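**Q** Sequence and predicted structure, then a few things I'm wondering about:
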Amino acid sequence: MQQYPQAGLAEDAFADVARAFEENFAAGEEVGAAVCVYHRGRPVVDLWAGWSDPDRADPWRAGTVGVLASPTKALVTAAFLHLWQEQGLDLDEPVAAHWPEFAANGKAAITPRMILSHRSGVVCLDHAPLSLAALRAHTPVAEALAAARPEWEPDTAHGYHATTYGHLLSELVRRRTGLTVGRYFARHLAGPLGLDAYIGLPAGSDAHLATMLESNGEVVELRDATTLTYRATIASMSQDPADPAVEDPSYGGLASAHALARLFAALVGEVDGIRLVGPDVTAELARPHSSGTCEVMLTPLTWGLGVQLADSAVFPADAGLKNSFGLSGANGVFTFADPERELAFGYVPNMGSAVMGSMDGRIRRLVEAVFRSVDRIL
């Protein structure tokens with residue numbers, strides 16, 4: 001039997017989480033992974049096991065980081081909400097008030113709240129697909145977004161801003177601070193909290209990167225280039241080889257499981273004296289802003305401000321997430337917080353999800369174990 005090196009901690013009250021983590025490996029469903037749980041501002045589970053590479057030669061480490069895919073947007077959202085609080089931003093003021101070029105082609109009334117709740121309609125860059133050169137320069141992406149047309153009348157429907165979300169908010173952050181969202185996140189969130197989390201790996205970084213392995217899942221609509229699903233995802237993504245040093249704020253972030261849990265813990269309470277946003281911002285973040293069938297993914301989804309809410313197949317209430325907010329990734333990354341339970345969770349594997357469009361079995365076992373454990377305490 002393949003042996004998987006494992007290390008870390010799990011307090012006795014959260015032994016169920018450790019067992020679920022071990023069972024995922026024993027069932028052959030993991031190559032390498034880490035899971036972390038914060039409760040009341042401190043880590044109560046912080047486990048890692050397996051291998052960071054497909055050859056099973058390089059063990060997963062305490063700070064190993066993986067590509068986040070969609071949960072990159074959690075880093076962006078946290079940064080934007082921090083800026084909102086720090087500068088007293090008006091989420092209902094038109095984006096064009098600070099980015100005049102964005103008003104073109106029917107976008108004059110779009111607000112930051114519409115972007116955060118996936119209601120702006122600006123979901124496609126298929127006329128100007130991303131490249132590493134464009135991502136490095138930042139300006140070409142902002143120009144393409146300014147020229148884009150909404151796919152529906154803004155604020156009349158919602159659809160996942162898969163590739164545009166991070167870039168839209170990054171340009172707004174840059175217009176207000178002079179910093180891209182990756183640099184703002186590094187300076188104001190990752191630095192103070194000590195997070196192994198990046199939107200663009202800094203030069204000279206010694207971060208230990210896991211090799212992310214492809215999943216076996218598939219969304220049928222991603223095979224049809226005429227669908228909005230395809231145009232808003234595949235057609236708008238960079239087709240260049242990934243470069244961890246390049247800022248891709250929609251799906252190219254990097255983080256450890258510990259960093260995700262710590263970040264979310266600081267959104268719902270204090271972590272070592274730091275709380276990123278106040279309770280009023282957290283409450284607004286977790287309030288439903290969009291619900292119903294997503295125009296892009298064609299499945300029921302509910303959104304707060306930049307975060308998924310229950311109930312949906314990928315963020316299901318019956319797993320215990322009824323009062324939680326978070327983000328799920330097609331590559332298996334999952335993170336959430338439950339403000340009432342003062343709970344935060346991060347999970348980063350390097351084996352992608354085998355089933356698209358629903359909660360991965362590995363995640364469900366871990367999440368259910370977390371809620372069983374914390375409910376015994378409460």
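**A** Structure's in. What do you need? Everything quoted here is computed from the prediction, not taken from an experiment.

**Q** Mind pulling up the pLDDT for G217?
**A** Among the per-residue scores, G217 holds a pLDDT of 50.

**Q** what stretches of this protein score poorly on pLDDT?
**A** For the chain, the stretches flagged by pLDDT under 70 are 1-5, 127-129, 215-223, 354-356.

**Q** now the helices: where do they sit in the stretch 251-378 of the chain?
**A** Under the criterion DSSP state H, counting those that start in this stretch, helices of the stretch 251-378 of the chain are mapped to 257-268, 279-285, 361-377.

**Q** again but with the stretch 101-250 of the chain, I slipped
**A** Counting by DSSP H, counting those that start in this stretch, the helices of the stretch 101-250 of the chain are 112-116, 132-137, 139-147, 165-177, 181-185, 191-193, 228-232.

**Q** tell me the most buried of the helices of the stretch 251-378 of the chain?
**A** Of all the helices of the stretch 251-378 of the chain, helix 257-268 carries the top mean neighbour count, a mean of 28, counting by mean count of other C-beta atoms under 10 Å. Every residue, glycine included, has its C-beta placed from N, CA and C.

**Q** Would you pull up how far that helix lies from the middle of the chain?
**A** Per C-alpha atoms, centre = their mean, to the nearest Å, the displacement of helix 257-268 from the mean C-alpha position of its chain is 12 Å.

**Q** same check, this time on stretch 261-281
**A** 16 Å.

**Q** What is the end-to-end distance of it?
**A** Start to finish, the residues bounding stretch 261-281 are 18 Å apart (C-alpha to C-alpha, to the nearest Å).

**Q** swap in stretch 84-98?
**A** Taking C-alpha to C-alpha, stretch 84-98 runs 14 Å from one end to the other.

**Q** show me where the stretch 151-300 of the chain has strands.
**A** Listed in chain order, the strands of the stretch 151-300 of the chain (DSSP state E, counting those that start in this stretch) span 197-198, 254-255, 290-293, 300-303.

**Q** Compare those and give me the one nearest V65.
**A** Nearest to V65 among those is strand 254-255; the distance by C-beta to C-beta comes to 4.4 Å.

**Q** Okay, now the sheet partners of the closest one, with direction.
**A** Note on strand 254-255: by DSSP bridges, its sheet partners are strand 66-67 (antiparallel), strand 197-198 (antiparallel).

**Q** okay, the helices of the stretch 101-250 of the chain in a markdown table with distance to P279 and mean neighbour count next?
**A** Putting the helices of the stretch 101-250 of the chain into a markdown table (distance: least, C-beta to C-beta, whole Å; neighbours: other C-beta atoms under 10 Å) gives the following:
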| stretch | distance to P279 | mean neighbour count |
| --- | --- | --- |
| helix 112-116 | 18 | 24 |
| helix 132-137 | 36 | 16 |
| helix 139-147 | 33 | 18 |
| helix 165-177 | 22 | 23 |
| helix 181-185 | 22 | 25 |
| helix 191-193 | 18 | 14 |
| helix 228-232 | 34 | 22 |
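
**Q** Quick check: next helix or strand after the host helix or strand of G8?
**A** G8 belongs to strand 6-10 when elements are defined using DSSP states H and E. Downstream of strand 6-10, the next assigned helix or strand under DSSP H and E is helix 15-26.

**Q** Go through that following helix and flag the buried ones.
**A** D16, V17, A18, A20, F21, N24, F25 (16 or more other C-beta atoms under 10 Å).

**Q** Now do the helix or strand just after that helix against helix 257-268, angle only.
**A** Per DSSP H and E, the first helix or strand lying C-terminal to helix 15-26 is strand 32-39. What separates the directions of strand 32-39 and helix 257-268 is an angle of 30 degrees, with axes from the mean of the first three to the mean of the last three C-alpha atoms, to 10 degrees.
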